[in-house]
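S.K.: what would the 3D arrangement of this be:
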Amino acid sequence: MAILDFSKDSQKSIGLHFHTQQIGPEGQPLYFHTPETPAVIRGHVEFRTVKETNGSDIGLNFTARAESKWTENYGQTTVSYHELEVMQEKTWDIKLNRTKPSTIAPGVTRYEFEVQLDPGLPATVRGRRGWFHYRFKAHIKRDFPRRDMAIKQCVWVYSSCLSSVSPTEPKLFKEIWNDALPYSISLPNTVLYQGQTIPMTVTFEPFLNNSILYGQELIIDSAVVKLKQYTALYEHGKIIDKKRTEKKTVINLPVLDVWPQTNQGFSKTIMVEIPGAIALAASFHSKAVIKTHCLKLIMKVRTGTIAAAEAKELRTEIDVTITAPRPEHLNNPSYGVLQNAAPPPYQIIDDSDDDGALPRHSTSSSVPAYEYHQDVKHPMGPQ
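M.R.: Modelled structure (predicted):
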């Protein structure tokens, strides 16, 4: 679906068509961009007119662009901020058949185009105030008072920083809570892809023998897994730069499965389903927008000699990188459980606690709270 369409009337039309069988989020043509195989976007632009018409040749433009745009109110005044960084660009000048210098001859003109993406470009990111788009625009200028003809179309790019030989050895994070309780958290990687289901394994050892809690049973009253997404928007001015920071909770997964209660230590694995590209943006850095992510495990813990009301917080925060899936990830049966979730709302970042109180009662982490579908569809035929 085009994002701008002044492309046709009863006698003439201009259209963009992309040569891919796969459709990504929001119905956009889908391409995969990996470290080994750069994406090559192929398509054609077509212009038709049944009679002579005024107009220029076709200007076709491709941009890979990071953009921020927002407003802020200062009393009765609203100020707009905007920043654009073009990270790759290509243009084509497509000649049309003519009867006169300013008059296009009747008929059909079809032009095949191709562009290979540069290494290291981020995945497509949608957003209300900050985004990264891969955009094509075809434009025919016309003399006043005629209206120009133009069509814009974005394609969705799954750009993954994971290579086919990315390490599979788990990442282990070890801590000692309150100088008394050794524990560790294991993740398959700190680079996670959209739509992935990851095991988060928590291992508790017995209380240290030099601790006053030595020999006591560990009791976990509640636990929640959160994935936070942080966004920084920028406008770089001639005199002063403007910055806006926002956050959203993309995953809020209460874990109310039965936890072991023992003084011997134990391990427990929590399955965490990472949302897809609509709800969860990929991590990336640009002059206009920066997106980063943090995975958190927050628990209320105590021993049998401590009342539930006196339980203490055990918090672990792990910086992670979110990337797009590779083509082979789409064939994994676990892929796509959380793909079309609506994005959660943003909040302005302040100095208050960004996690709030832990819930005491909630649904099991093994049952999703609502139903999702895959991002990728396979239509019956080419576009």
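S.K.: which stretches of the stretch 251-383 of the chain have low pLDDT?
M.R.: 332-383 (pLDDT under 70).
S.K.: quick one: the strands in it?
M.R.: 266-273, 284-285, 289-303, 312-323, 347-348 (DSSP state E, counting those that start in this stretch).
S.K.: okay, domains of this structure per the record?
M.R.: Taking automatic domain parsing as the reference, the chain has its domains at 4-159, 171-348.
S.K.: wait, which of those is closest to Val165?
M.R.: Minimum separation from Val165 across the domains of the chain (C-beta to C-beta) falls at domain 4-159, 9.0 Å. (C-beta placed from N, C-alpha, C; glycine too.)
S.K.: what are the bridge partners for Ser13, then?
M.R.: Bridge pairing for Ser13 (DSSP bridges) gives the partners Lys8, Arg48.
S.K.: any idea how far it lies from Thr20?
M.R.: Separation of Ser13 from Thr20 (C-beta to C-beta, to the nearest Å): 22 Å.
S.K.: quick one, which of these two is more surrounded?
M.R.: Thr20 (20 against 16; other C-beta atoms under 10 Å).
S.K.: in stretch 209-226, which residues are buried?
M.R.: Buried positions in stretch 209-226, judged by neighbour count with 16 or more other C-beta atoms under 10 Å: 213, 216-220, 222-226.
S.K.: next, count neighbours for Asp241.
M.R.: Using other C-beta under 10 Å, Asp241 has 10 neighbouring residues.
S.K.: would you agree it is in contact with Ala232?
M.R.: No. Counting by C-beta atoms under 8 Å, Asp241 does not reach Ala232; the two are 11.3 Å apart.
S.K.: please name the nearest non-neighbouring residue to Leu297.
M.R.: Distances taken as C-beta to C-beta, 6 or more residues apart in numbering place Thr316 nearest to Leu297, at 4.8 Å, with adjacent residues excluded.
S.K.: and what of Phe132?
M.R.: Val125 (4.2 Å).
S.K.: next one: Arg244
M.R.: Nearest residue to Arg244, sequence neighbours excluded (C-beta to C-beta, 6+ apart): Leu233, at 4.4 Å.
S.K.: helix or strand for the one you found, which one?
M.R.: Using DSSP states H and E, Leu233 maps to strand 218-236.
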